[in-house]
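Student: Next comes the sequence, and after it the predicted model I'd like to discuss.
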Amino acid sequence: MNALNRIILLIVALLLLVVPVVLLLICFGVIPADVVNQYTGYRGALGALGGFSASSLTMTARIVIAIVGVLLALIALLLLLRELTFGRRVSRSTVMDDTPGRETVITANAVKTLAESAAREVGAESPSASLASDDDTYIVFAGIQVPSSENYSELAARTRENIRRVLGDQGVPVKDVEVTVRGTAT
């Protein structure tokens, strides 16, 4: 869903940029208005907007417009909230060894990849990991799917312990690992 959110927001952002720029180019005579009208039909839309009067709307039309406006606002709010991560602060990298001449830094993407690989190693299907930071340690949130022949709780426990072990072996500071079973793998 994250990719869909970004595509919708990209389209909206492009429309918010392109429409005013095209109107300004028409206004200053850089682009002939007839050419733009030929491809977009904007004159018909402007004529309809010019003849629009709120008093000419029936009560039913006003209610429909209000409902559509509220739905659009809710969808926009939902998309915005899905993009924001309240309460989860993730550091981009963590210093694992600060000994002079042997400085070692690991990125958050590397930690996510290690956690997903550790989950696959014990038999979890379609693992996904996300991180949060607490001081200089990571909190790992892993989501897995379980093969139909496996025990959910047993695989989740093995996944949690293996993620802890693999990250610990690599020297990654881990505070906690949470594993969520998202369902049965097909």
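Tutor: That came through, no problem.

Student: Pairing-wise in the sheet, spell out the partners of residue 140.
Tutor: Each beta-bridge partner of residue 140 is listed here, defined by DSSP bridges: residue 131, residue 177.

Student: pLDDT at it, what is it?
Tutor: At residue 140, the model reports a pLDDT of 90.

Student: just checking, it touches residue 173?
Tutor: No - counting by Cβ atoms under 8 Å, no contact exists between residue 140 and residue 173, whose distance comes to 11.1 Å. Every residue, glycine included, has its C-beta placed from N, CA and C.

Student: So which of these two has more stuff around it?
Tutor: For residue 140 versus residue 173, neighbours defined as other Cβ atoms under 10 Å are more numerous around residue 140 (26 against 17).

Student: for the more buried one, what are its contacts?
Tutor: By Cβ atoms under 8 Å, 6 or more residues apart in numbering, the residues touching residue 140 are 111, 115, 129-131, 163, 167, 174, 176-178.

Student: And for residue 16?
Tutor: Residue 16 is in contact with no residue at all, counting by Cβ under 8 Å, 6+ apart.

Student: Can you name the helix or strand that it falls in?
Tutor: Assessed by DSSP states H and E, residue 16 sits inside helix 2-27.

Student: what angle separates the helix or strand following that helix from helix 2-27?
Tutor: Per DSSP H and E, helix 2-27 leads on to helix 33-40 as the next helix or strand towards the C-terminus. Between the axes of helix 33-40 and helix 2-27, defined by axes from the mean of the first three to the mean of the last three Cα atoms, to 10 degrees, the angle is 150 degrees.

Student: which other residues reach helix 33-40?
Tutor: 22, 26, 42-43.

Student: Tell me the first helix or strand C-terminal of it.
Tutor: helix 42-50.
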